[in-house]
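Asks: let me see the structure of the following:
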Amino acid sequence: MRRSRSRREAILAEVARGQADVDQLAVQFGVSASTIRRDLQALSAQHGVTRTYGGALLGPAFVQDIETSLVARRMINRAAKAAIATAALAVLRDGERLILDGGSTVGAFGQVLGETRHLIITNNMPMVPVLAAKPKIEVMVLGGAVRAISMATCGSMAEQALRQVTADRCFISADGVLAGRGLCEASAEQAALKSLMMEQANEIVVLADSSKLGRASQPFWATLDRPWTLITDAGADVAQCRLMASKGAKVIRAE
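Replies: The predicted model follows:
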């Protein structure tokens, strides 16, 4: 039952982004088309979506800036996130101090960190046991209030701890990345902590799959006002990548 709820939440997020074809959703989530139809029917009964021939539309009870849980986001664009995580390894140097924020794409990066030696500062709670199990990695956890939907800490206590450290790089994600503006998030606390993470690091690396580029669906912003690196997937829109580059980004497309 929990798996069905998580999948339906992720499907709802995909419908909000414009992906509403039953067959494509079935491939993406690794289930049958009939399972997707049942999921859409359940969402329709909850007024989340309006069923159409072969798919669905977002219903009036939900808005485009719906925030989904970490569990649901892990199920979306998994191949792209894995490719981004592998590409991010190539920019690392042994012995660097790293800030890793919350989110599924940064979480994928944490999973593939191997034998290199790092001090990692993070607010990403599910990633802590993964990193702590790696013998050459030292972990510092930013305490604070835990947002259940993202399983990441934020707030004044996390910010106070972060002000006491500096890092070589921060690896950061977002609900959307807009050229010339920055990273959007669902809460002011998240945006404030991301801004501070970028301030405390010498270099900024944004990990964002192609669905996040040009997206401005959330109301709170962390400004990107200095040179930064964007690592995205091979499916990223070329025009968006060029626009990001024109606004100070070094763009890496993970093959």
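Asks: for the helix or strand I84 falls within, output the C-alpha coordinates as CSV.
Replies: Under the criterion of DSSP states H and E, I84 resides in helix 78-89. Coordinates of each C-alpha in helix 78-89 appear next as CSV, following Å, rounded to 0.1, in the frame of the first residue of the first chain:
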residue,chain,number,x,y,z
ARG,A,78,16.0,7.7,-12.1
ALA,A,79,18.3,7.0,-15.1
ALA,A,80,18.9,10.7,-15.6
LYS,A,81,19.8,11.2,-11.9
ALA,A,82,22.2,8.2,-12.0
ALA,A,83,24.0,9.7,-15.0
ILE,A,84,24.2,13.1,-13.3
ALA,A,85,25.6,11.5,-10.2
THR,A,86,28.3,9.7,-12.2
ALA,A,87,29.3,12.9,-14.0
ALA,A,88,29.5,14.8,-10.7
LEU,A,89,32.2,12.4,-9.5
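Asks: what helices or strands is the next helix or strand after it leaning on?
Replies: Following helix 78-89 in sequence order, the next helix or strand is strand 97-100 (DSSP H and E). Applying 3 or more CB pairs under 8 Å, 6 or more residues apart in numbering; DSSP states H and E, we find strand 97-100 packed against helix 104-112, strand 118-122, strand 167-172. Quick note: C-beta positions are derived from backbone N, CA and C, even for glycine.
Asks: can you list the strands that strand 97-100 pairs with?
Replies: strand 118-122 (parallel), strand 167-172 (parallel) (DSSP bridges).
Asks: tell me which of the helices and strands packed on strand 97-100 sits nearest to A88.
Replies: A88 sits nearest to helix 104-112 of all the helices and strands packed on strand 97-100, at 5.0 Å, using CB to CB.
Asks: and the nearest residue to V139 once chain neighbours are set aside, what does it touch?
Replies: Counting by CB to CB, 6 or more residues apart in numbering, L131 is the residue found nearest to V139 once chain neighbours are left out, at 4.9 Å. Shown in contact with L131 (CB atoms under 8 Å, 6 or more residues apart in numbering): G110, L113, I120, T122, I137, V139.
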